[in-house]
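A.B. asks: Take this sequence and fold it.
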Amino acid sequence: MPKAQFTKQQRLLKQNEFQYTLKCGVRQETTHFIVFFSKNDCETHRLGIIVSRKVGNAVIRNRIKRVAREYFRQFNTEHLFKNSFYDIVLIGKKNLNVNLGLEQVCKEMQSVYEKNPYWFYHDVSMDVGRAIA
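C.D. replies: A predicted model of the protein is given here:
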């Protein structure tokens, strides 16, 4: 089985990349996150995560970021989108659950996929069961 990785090429690192996605991207809301998608010219999807200090201390913010990165690492999003590659920005809401787990992130991302079926062609419900096991 190939090793799932989350490389530097799969991350949004620069401020202008975040700003472009937030300004020009499509916005979707879940219970704990605001998700933005915008097309990119790279050969991979890229993820950026924003969790403000209002959510909690550094330990809590870093844990939330780790769980979100793990979701994108484990369920490599290469097979999700139909036509092109996207930059994805997750913004943690103030009401974010400090005990947020991988299972809950999977369910929330599933709701985003269900709201936009024309973008996606992968049945992510299978991934939720795989994450729990």
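A.B. asks: Let's verify residue 34: helix, strand, or coil?
C.D. replies: With DSSP: H, G, I helix; E, B strand; the rest coil as the basis, residue 34 sits in strand.
A.B. asks: so it bridges to which residues?
C.D. replies: residue 29, residue 91 (DSSP bridges).
A.B. asks: What lies in contact with the helix or strand hosting residue 89?
C.D. replies: Taking DSSP states H and E as the criterion, residue 89 maps to strand 86-92. In this structure, residues lying in contact with strand 86-92 by Cβ atoms under 8 Å, 6 or more residues apart in numbering are 12, 17-18, 20-22, 25, 32-40, 45-52, 55, 61, 64, 68, 72, 77. From N, CA and C alone the C-beta is placed, and that goes for glycine too.
A.B. asks: So which of those residues sit within strands?
C.D. replies: 33-39, 46-50 (DSSP state E).
A.B. asks: nearest to residue 97, of those?
C.D. replies: residue 33 (11.0 Å; Cβ to Cβ).
A.B. asks: Number of residues surrounding the closest one?
C.D. replies: Residue 33: 24 surrounding residues under other Cβ atoms under 10 Å.
A.B. asks: Could you pull out the buried residues of stretch 86-102?
C.D. replies: For stretch 86-102, the buried set under the neighbour-count rule, 16 or more other Cβ atoms under 10 Å, comprises 86-93, 96, 100, 102.
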